[in-house]
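Chemist: quick one, what's the 3D model for this:
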Amino acid sequence: MREALLLMDFQHYPVQAVPGSGAAVGAARRALAAARRAGLTVIHIRVAFRPGHPEIPTRIHAFDGLLGTEVFSETNTHTRFEIEPIEGEVVVTKRFYSGFGHSDLDIVLRAAGAEQVTMAGLATSGVVLSTVRDALERGYRTTVLADACADPDPEVHRVLMDKVIAPNADVLTVDAWTRTLPVAA
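Modeler: Below you'll find the model as predicted:
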């Protein structure tokens with residue numbers, strides 16, 4: 001089964017805004033190194049909007065704090081990656097919570113022949129939860145790397161991993177997941 005690693009929202013602003021994200025970034029870097037060694041498809045997903053955020057309807061309260069700012073504008077330093085892609089790794093820009101949200105992620109995964117997605121991201125209650133649900137609806141086998149995810153509220157992270165995500169996806173640590181990977185030739 002062809003697998004892809006999704007590194008989601010490891011950008012300057014989420015890393016700075018999510019307490020305890022340093023450990024998740026470190027775990028995500030270990031997952032990335034393992035995925036590269038195993039020859040997996042790696043996709044970096046970022047949230048970004050055009051200057052002025054014309055993609056955000058004013059009636060959606062989740063983005064109220066962004067309207068009238070340049071936070072997450074495509075050219076703002078907030079959208080800079082904390083975990084840099086290398087040549088050959090795809091960058092997907094999303095416009096909502098899910099990695100699939102108003103992006104071409106599904107097209108990229110299908111073109112790569114991926115049937116399984118493994119995810120790491122910030123925040124658990126945002127991009128991770130939303131992408132897990134969207135991946136399931138699209139028929140992907142799904143794994144979430146619990147220690148490579150973080151949320152502003154550690155209790156929300158725990159409850160989501162244990163009670164919401166675990167019944168729908170494999171929840172593993174990076175170390176446990178790495179042991180499942182093939183050795184690249």
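Chemist: list the contacts of Val144.
Modeler: By Cβ atoms under 8 Å, 6 or more residues apart in numbering, the contact list for Val144 reads Thr118, Met119, Ala120, Val128, Val132, Met161, Ile165, Ala169, Asp170, Val171, Leu172. Placement of C-beta: from N, CA and C, glycine included.
Chemist: the helices in the protein, which residues?
Modeler: Under the criterion DSSP state H, helices of the chain are mapped to 12-17, 21-38, 105-111, 129-137, 154-159, 174-178.
Chemist: TSV for the ones you listed, including distance to Phe96 and mean neighbour count?
Modeler: As requested, the helices of the chain are exported to TSV (distance: least, Cβ to Cβ, whole Å; neighbours: other Cβ atoms under 10 Å):
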stretch	distance to Phe96	mean neighbour count
helix 12-17	14	17
helix 21-38	21	18
helix 105-111	12	17
helix 129-137	8	20
helix 154-159	19	14
helix 174-178	27	18
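Chemist: mind checking the longest strand of this protein?
Modeler: The single longest strand within the chain, with elements called by DSSP state E, is strand 141-150.
Chemist: residues in contact with the nearest residue to Ser98 once chain neighbours are set aside?
Modeler: Computed as Cβ to Cβ, 6 or more residues apart in numbering, the closest residue to Ser98 that is not its neighbour in sequence is Ser130, at 3.7 Å. Contact analysis of Ser130 by Cβ under 8 Å, 6+ apart lists Phe96, Tyr97, Ser98, Gly99, Gly101.
Chemist: give me the pLDDT for Ser130.
Modeler: Here, the pLDDT recorded for Ser130 equals 97.
Chemist: that one and Arg2, how far apart?
Modeler: 23 Å (Cβ to Cβ, to the nearest Å).
Chemist: now do Glu82
Modeler: For Glu82 relative to Arg2 (Cβ to Cβ), the value is 27 Å.
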